[in-house]
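Peer 1: any chance you could fold what I've pasted below:
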Amino acid sequence: MISIAPPNPPWITLETTSKPEGYLSYYYSDDISPLPIRWVTKPGDNKSDPNIETSTYGLFSTCSPNMRRGVVKSRRPYIFFITNRNGVRVLTGYYYIQWYAEGAFSGGWDFCIAANGMRFINPPISLEEIDRRFGSTLSRYFRPFKEIPHAICLELKALLDSRKDFTSAYLEEIDRLERFNLRHGGYRYLGWKQNDKFSWEYASEYLIRYFQESSVQVTHKRAKNSNPENKWICSECNYIFINKSLLRRCPNCGELASLQAEDSLGMAMKGGL
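Peer 2: Model (predicted):
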């Protein structure tokens, strides 16, 4: 079987600057977990990023397209992840991005990114504590991401590298809550009708299939990853379903980049959640 994990095609090496910069990236964490993992059980909007199972971001989801594009276009390899725990914004881990690939919504604006280094910790560190330590202003409110300079990137990486690595525990907890979803909702990820765990084998459905068909040269208009009614329709099978954010694949027929906001013009429901 052909490996589609980096550094193999379709992945391209991200060439960074001499003083690379990065981002703070906010994600929703799961409030039923003692660890600050992504919100696996969020109703109507299960989260797949940060996807530490594959060390990727934006491979399976459409979250933060502007940040992913900034990583590629501005060559910013550092992503530091923060979330809210009990009303406090905290730093939980980081990626160092080394590869990127064009996403399913082709046209030069949609990218997925992959790291060659990552670390997640527990307990997380409050941004206020970090500001006191480094004289930074990271705790000022923002979402969903914020650019940070090279010097701060180095300080945050050193701080996280000095703490015990809990990445394996995060992976175990993600699997536990996926099995919770499976038991109570019938799927590991209800919005995608997905029973498989995220893995490079599963990623082949997102990468191999798309790049084998790329000779067709279909260019997609820039897609919004949310709409007021949370209703989406597949251009291939006309399936309509409810989900808070745009998905890369239709949960009904599996077609890539086929979803768009339902136009609310009285189209008959052909499916749903």
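
Peer 1: state the pLDDT value of the closest residue to Lys146 other than its chain neighbours.
Peer 2: Distance criterion C-beta to C-beta, 6 or more residues apart in numbering; nearest residue to Lys146, sequence neighbours excluded, is Leu24 at 4.5 Å. For the C-beta atoms, the positions are set from N, CA and C on the backbone; glycine is no exception. Here the pLDDT value assigned to Leu24 is 98.

Peer 1: against Cys234, how distant is the closest residue to Arg38 other than its chain neighbours?
Peer 2: Distance criterion C-beta to C-beta, 6+ apart; nearest residue to Arg38, sequence neighbours excluded, is Lys47 at 4.3 Å. As judged by C-beta to C-beta, to the nearest Å, Lys47 and Cys234 stand 22 Å apart.

Peer 1: number of nearby residues for the residue nearest to Lys146?
Peer 2: 25 (other C-beta atoms under 10 Å).

Peer 1: what's the helix or strand hosting it packed up against?
Peer 2: Assessed by DSSP states H and E, Leu24 sits inside strand 22-26. Judged by 3 or more C-beta pairs under 8 Å, 6 or more residues apart in numbering; DSSP states H and E, strand 22-26 is in contact with helix 65-73, strand 78-85, strand 145-148.

Peer 1: residues near the closest residue to Tyr23 other than its chain neighbours, how many?
Peer 2: Using C-beta to C-beta, 6+ apart and skipping the chain neighbours, the partner closest in space to Tyr23 is Phe145 (4.9 Å). If you count neighbours by other C-beta under 10 Å, Phe145 ends up with 21.

Peer 1: about what we covered before: ok, now which ones touch the residue nearest to Lys146?
Peer 2: 80, 82, 138, 142, 145-146, 148 (C-beta atoms under 8 Å, 6 or more residues apart in numbering).

Peer 1: just the buried residues of these.
Peer 2: 80, 82, 138, 145-146, 148 (16 or more other C-beta atoms under 10 Å).

Peer 1: which two in these are spaced the farthest apart?
Peer 2: Leu138 and Phe145 (12.1 Å; C-beta to C-beta).

Peer 1: let me see the domain layout of the chain.
Peer 2: 12-183, 223-273 (automatic domain parsing).

Peer 1: which one of the ones you listed lies closest to Lys197?
Peer 2: Nearest of the domains of the chain (C-beta to C-beta): domain 12-183, 6.7 Å.

Peer 1: start to end distance for that closest one?
Peer 2: Taking C-alpha to C-alpha, to the nearest Å, domain 12-183 runs 39 Å from one end to the other.

Peer 1: can you map out the strands along the chain?
Peer 2: Using DSSP state E, the strands of the chain run over 12-13, 22-26, 56-57, 78-85, 88-102, 111-126, 145-148, 231-234, 240-242, 259-261.

Peer 1: any chance of the ones you listed in JSON lines, plus distance to Ser168?
Peer 2: Converted to JSON lines, the strands of the chain look like this (distance: least, C-beta to C-beta, whole Å):
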{"stretch": "strand 12-13", "distance to Ser168": "27"}
{"stretch": "strand 22-26", "distance to Ser168": "21"}
{"stretch": "strand 56-57", "distance to Ser168": "18"}
{"stretch": "strand 78-85", "distance to Ser168": "17"}
{"stretch": "strand 88-102", "distance to Ser168": "12"}
{"stretch": "strand 111-126", "distance to Ser168": "9"}
{"stretch": "strand 145-148", "distance to Ser168": "26"}
{"stretch": "strand 231-234", "distance to Ser168": "35"}
{"stretch": "strand 240-242", "distance to Ser168": "34"}
{"stretch": "strand 259-261", "distance to Ser168": "34"}
